[in-house]
Each structure stands twice: as C-alpha cells, then as structure tokens.
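Chemist: sequence first, predicted coordinates after that:
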Amino acid sequence: MGECPAYNPFGADVLDDPFAAYAEARGQCPVHYFADYEPGFYTAFTHADVVKITMKREDWTARYGLSPRFQRGVGFNTDGSEHLKFRKAVVAGLGPRNVDALEPVIKAIVDDLLDKMIEHGPGDFHDLFAGPLPLIVIARLLGLEGDLGRFKELSDALMAEGMNSTDPRGFNQVLAELDRYWDEQLAPRKAALATVDQPGPEHLGTLVPDDMMSNLLIVRTAEGEPLTDFEISNTLMNLLLAGNETTISLLTNMVWRLLEEPTRWAALLEDRMLVETAIEESLRFDAPVLGMFRTSERDVELSGTAIPAKSKIMAAYGAANRDPQVFADPDEFLLDRPKAELRAHLAFGRGPHACPGAALSRLEARIAINALLDRLPTLRLDGPGTRIEPFNFWGRRTLPVAW
C-alpha cells in the first residue's frame, strides 16, 4: 500500500472520469480521507470494504443520512425495525407481482415515447426518451401522472441541489418546496380517509386512489401508529430519487456504451438473449449511483485504516464494481462476462438498504432496449454527450443520437 493520492471527489478530473481515480486510489490507498469538506469524509474503494459497510449494521448506520452531510435519519435513512416499516410500505408496491403487472403499462409508455422520438428525429436521447420514461412510471406509481410538469421540475431541482452542492441552503429550499407539494397532493387523500375510523387496505381504490401515496397514509407502525407527515415526505423524496434518476442513468449509460462500440449494438440485434447481460454489465461498468454514505457507529478499521466513531464514509459502488479482485478485465465492457461476476456487482447496494426498486429499474431497461432494437436498429451516437452534475451519481445529461 503506497501513499494516498491527492484524490478530490469534487475535482474536475474525477468528475470527468471517476473510475480512473478510483483505480489509482484503490491500489495505493483503499480507504481515503478527504479533509476539504465540512465535515471531512472517508471513501472505501474495494469491493470487500464496500460489502462490509453495507452489511455490518453493528459498525455502520444510515440514520445520519446517505449524503456527506449529517442529517436527521428518517424513513429509509434508519436501521433495524424502524427501517423495515418504511421498506415494507414501499416494497408492497414494488414486489415481483406488482412489478410484473406493470409490464404492459411500461410497454405502452415506451411505444408512445418512441413514436414521439421518431417523429422528432435525431436529438438528445436523454430528453427524448431516457428522462421521460422513469418519470412517467414513478409518477404513475405515486398517483401523480396528471402533474408531470411540476413533478419533473421538482425532481430536477432535487438532483441538482440535493447531491451536488456543498452549500445546504439550496437543498433545504428544494426540500421545503417538495414538502409543500406533497402536502397539496396528500390533502384530499387525508380528508377522504378521515371519514373512517380505521383506514386500511380495503379503502384503496374506493375512498382514495390505489397508489403508493395512499398506501403510505394507511401504513401503521408496530405500535399501531400512522406515519408522521415528515416520515411520509422523506419516504416520497427517496422514492423520487430511487425510482427516477437511477433508471434514467441506467438507460443513458447503457445506450452510450452499446453505441460507443457499434459491434455491441450489433451483437444485441443478432442475439436478444444478450439484453439481460448488457443490463447487468452496464450496472457494473457504469454504476448509476457511484456511492452512498454511512456513518461509523464506533471506532472501526477498514483495510488498515482506523476510522473514528461518528465518521462519514462513502461506500463507492462504482469503485467496487471495477475491483480486479472480483472482476476480470474490470475496465472492459464485456457482453460475455460470466454470470457469477455479473451477480457480484453492487450497483443497487446490498443488504438491508439494497434498492427496493431494482426489479422495476431492470424491467424498464429490458423493455426499453428491446423496443429500441426493434424500432431503431440503426441507432447511433451523433456527437459527444455530457455527464450529470452530482458527484456521486453517474449518467448522461445529454446523449445525442441519430438513426
């Protein structure tokens, strides 16, 4: 192990190509401390250490937030039984049966978007297709498909301020706007449920719409208490991020890599069985979430580095997914990568905080790529794209394409 390199997670060179910086750090300094932030935070670059952080609940907690800032833990940003009650409420709408039932809905949305994309002609794949698809799907799940314009504005603002700014004032302003928006949307549901003594699942689809927003209003804790407004708004915010932005990045990254080397696109045209492999290799190679944060519960050690209690650490999924100790030729995008390696990627996290929307994201990607292959077989890149802004997210903000 050598001297730690001058790694700056917010530096222009790292933002442009985080994986090269990850490789250098992983080889010389598998756990790095970045002091030029308030508070300073660690980053773990190896697959083994990232797995430890996500799995060892006695050492690492999510209750101080999943960003570099210390925040009050609520909803998904908790642990143990507290976390499970929120996860249960969300997973109820994202289980395999519910997700499978969405397939015809997603296919219809994809077909409509492709009709409009073809009518428009060559342009930005992000704006024409990848951006609208997950937004429409999560809006439908939440019961907000009638308000897509405002929903998109708030989603864009949340990504721009919530994950990239070192100044929390912009983030706090977006949260306040989101809270007002959730209040507006929840108010009629609350009024309808207030007319009965014990709101329950039987009232979904009758008194209130059968959607995830309504479901959060009828969930009860182990003590029989409803979720607080703060708990509901935080859960909705996390759903907005997890159900929208990560899938957008999966779609843009995947199309980018398949078209970057045209033989990859041609291989999928020839053999559709490769679509599933391409999805998993894309998740490994270009993790949409480069890393999430945990806080040490006590003094711990990772790869020979002592980490004091109450320290923030970024579990770098993007670095772990290219660890040569786990993946052969980690910096190559391979459509014949062994399944055992594909199953080892950490793009959706691991353990109790693994992304509950992973199955939905994969379904959207599978339907989208197959439809693109069917209807736009001559799809090609039409110029350089640009990355999204947040330092710990990875996707294409623009991706010019033609056919």
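Modeler: Arrived safely, thanks for sending. From a predicted model like this one, the values you see are computed outputs, not experimental measurements.

Chemist: contacting residues around stretch 323-330?
Modeler: 26, 45, 46, 47, 48, 284, 320, 321, 322, 337, 341, 344 (C-beta atoms under 8 Å, 6 or more residues apart in numbering). Any C-beta I mention is one placed from the backbone N, CA and C, and that applies to glycine too.

Chemist: same thing but at 6 Å, please
Modeler: By C-beta atoms under 6 Å, 6 or more residues apart in numbering, the residues outside stretch 323-330 that reach it are 46, 47, 322, 341, 344.

Chemist: for that stretch, C-alpha coordinates in PDB please.
Modeler: Coordinates of each C-alpha in stretch 323-330 appear next as PDB, following Å, rounded to 0.1, in the frame of the first residue of the first chain:
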ATOM      1  CA  ASP A 323     -12.300  -4.200  -8.400                       C
ATOM      2  CA  PRO A 324      -9.900  -6.600 -10.100                       C
ATOM      3  CA  GLN A 325     -10.000  -8.800  -7.100                       C
ATOM      4  CA  VAL A 326     -13.600  -9.700  -8.100                       C
ATOM      5  CA  PHE A 327     -13.900  -8.900 -11.800                       C
ATOM      6  CA  ALA A 328     -11.700 -10.000 -14.600                       C
ATOM      7  CA  ASP A 329     -10.800  -7.200 -17.000                       C
ATOM      8  CA  PRO A 330     -12.800  -4.800 -14.800                       C
END
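
Chemist: any chance of the contacts of stretch 323-330 in TSV, plus secondary structure?
Modeler: Listed next are the contacts of stretch 323-330 as TSV, based on DSSP: H, G, I helix; E, B strand; the rest coil:
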residue	secondary structure
46	coil
47	helix
322	coil
341	helix
344	coil
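
Chemist: just give me the closest of these to residue 310.
Modeler: Distance ranking of these against residue 310, using C-beta to C-beta, places residue 46 first at 22.7 Å.

Chemist: report the contact partners of that closest one.
Modeler: Contacts of residue 46 by C-beta under 6 Å, 6+ apart are 26, 30, 323.

Chemist: residue 130 too?
Modeler: Applying C-beta under 6 Å, 6+ apart, the residues near residue 130 are 248, 251, 252.

Chemist: same thing with residue 382?
Modeler: Contacts of residue 382 (C-beta under 6 Å, 6+ apart): 122, 400, 401, 402.

Chemist: number of nearby residues for the first one?
Modeler: Neighbours of residue 122 under the rule other C-beta atoms under 10 Å: 15.

Chemist: ok, the last one next?
Modeler: Residues within reach of residue 402, counting by other C-beta under 10 Å, total 14.

Chemist: that one contacts residue 122, correct?
Modeler: Yes - here residue 402 reaches residue 122: they are 3.7 Å apart, a contact under C-beta atoms under 6 Å.

Chemist: can you add distance to residue 365 and pLDDT and give the contacts of stretch 323-330 back as TSV?
Modeler: Shown next, in TSV, are these (distance: C-beta to C-beta, whole Å; pLDDT from 0 to 100):
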residue	distance to residue 365	pLDDT
46	27	98
47	23	98
322	20	98
341	19	96
344	19	97
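
Chemist: pick out the most distant pair among those residues.
Modeler: Distance extremes for those: the farthest pair is 46 and 341 at 15.7 Å, using C-beta to C-beta.

Chemist: quick revisit: the contacts of residue 46 in strands, which ones?
Modeler: Per DSSP state E, strands hold no members of the contacts of residue 46.

Chemist: output the below-cut-off pLDDT ranges for the stretch 1-150 of the chain.
Modeler: 1-3, 73-76, 81, 85-86, 88-97 (pLDDT under 70).

Chemist: in stretch 34-54, which residues are buried?
Modeler: Residues 34, 41-47, 49-54 are the ones in stretch 34-54 that count as buried (16 or more other C-beta atoms under 10 Å).

Chemist: now, these that are in strands?
Modeler: Checking the buried residues of stretch 34-54 against DSSP E, those in strands are 34, 41, 42, 43, 44.

Chemist: okay if I get these as TSV plus distance to residue 305?
Modeler: What follows is these, written out as TSV (distance: C-beta to C-beta, whole Å):
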residue	distance to residue 305
34	13
41	13
42	7
43	11
44	9
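
Chemist: closest one to residue 355 out of those residues, please.
Modeler: residue 44 (18.6 Å).

Chemist: contacting residues around the closest one?
Modeler: Counting by C-beta under 6 Å, 6+ apart, residue 44 has contacts 31, 50, 53, 302, 313, 315.

Chemist: and what of residue 151?
Modeler: Counted by C-beta under 6 Å, 6+ apart, residue 151 has contacts 139, 144.

Chemist: so which strand or helix has it?
Modeler: In this assignment (DSSP states H and E), residue 151 forms part of helix 148-162.

Chemist: gap between that helix and the chain center?
Modeler: 15 Å (C-alpha atoms, centre = their mean, to the nearest Å).

Chemist: ok, now which ones touch residue 275?
Modeler: Going by C-beta under 6 Å, 6+ apart, residue 275 touches 268, 369.

Chemist: any chance of the backbone angles for it?
Modeler: phi -60, psi -50 (degrees, to the nearest 10).

Chemist: quick check: end-to-end length of stretch 63-78?
Modeler: 4 Å (C-alpha to C-alpha, to the nearest Å).

Chemist: revised request: answer the last question for stretch 294-301.
Modeler: 14 Å.
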